[in-house]
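Student: model the following, please.
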Amino acid sequence: MNKLNYLIITVIISLSQIPSALAQGFGRNEVELTPPVGGDILPGGQSLTGDVETSLVFSKVIPFAIQFLIGLAVALSVVALIIGGYQFMTAYGNEEQHKNAQKTITYALIGLILAITAYGIVKIITTIQLS
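Tutor: Residues are numbered from 1 along each chain as shown. Okay, the predicted model is just below:
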């Protein structure tokens, strides 16, 4: 129960910081990007001072990494769901194994829902036109 209290307090403190963070963001219409530490050595480094949309890092690497990681999360959730189903089928009336299998299935479904939600959020954000 003590960990739950810490979690609730952390969430409340985090949510109380949102209005001040939003207030700092209003009033500015432009985003200034500074060049990376490596300058022209890093991929897309020469483009950071110019157009962000043509930068290799922002136009290719980051979207690929996001899609790959969300796909990996979905695949791992499905594998965990299959493992939980196998544990459930092989419990044979053992109450401890039955509860363990139920936890595995529950967490796998939560992970799958979170991965699908993350995919939806990324799709919504990437289709917003800021101009």
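Student: can you tell me how far the nearest residue to Pro63 once chain neighbours are set aside is from Leu69?
Tutor: In this structure, Pro63 finds its nearest non-sequential neighbour in Thr126, 7.3 Å apart by Cβ to Cβ, 6 or more residues apart in numbering. Placement of C-beta: from N, CA and C, glycine included. Separation of Thr126 from Leu69 (Cβ to Cβ, to the nearest Å): 15 Å.
Student: which of those two has more neighbours?
Tutor: Leu69 (12 against 9; other Cβ atoms under 10 Å).
Student: against which helices or strands is the longest helix along the chain packed?
Tutor: Secondary structure of the chain per DSSP state H: the longest helix is helix 95-127. Here helix 95-127 touches helix 62-89, going by 3 or more Cβ pairs under 8 Å, 6 or more residues apart in numbering; DSSP states H and E.
Student: poorly predicted segments of this structure, please.
Tutor: 1, 3-9, 11-56, 130-131 (pLDDT under 70).
Student: tell me the secondary structure at Gly93.
Tutor: Assigned by DSSP: H, G, I helix; E, B strand; the rest coil, the conformation of Gly93 is coil.
Student: show the contacting residues for it.
Tutor: Contact partners of Gly93, counting by Cβ atoms under 8 Å, 6 or more residues apart in numbering, are absent.
Student: backbone dihedrals for it, both of them.
Tutor: Main-chain torsions, Gly93, degrees, to the nearest 10: phi 90, psi -10.
Student: follow-up on the earlier one: let me know the angle separating the longest helix of the chain from helix 62-89.
Tutor: Angle, helix 95-127 to helix 62-89, by axes from the mean of the first three to the mean of the last three Cα atoms, to 10 degrees: 160 degrees.
Student: now helix 95-127: buried residues?
Tutor: Neighbour counts over helix 95-127 (16 or more other Cβ atoms under 10 Å) mark 101, 104-105, 108, 111-112, 115, 119 as buried.
Student: quick one: which of these is nearest to Tyr92?
Tutor: Using Cβ to Cβ, the shortest approach to Tyr92 within those belongs to Ala101, at 11.2 Å.
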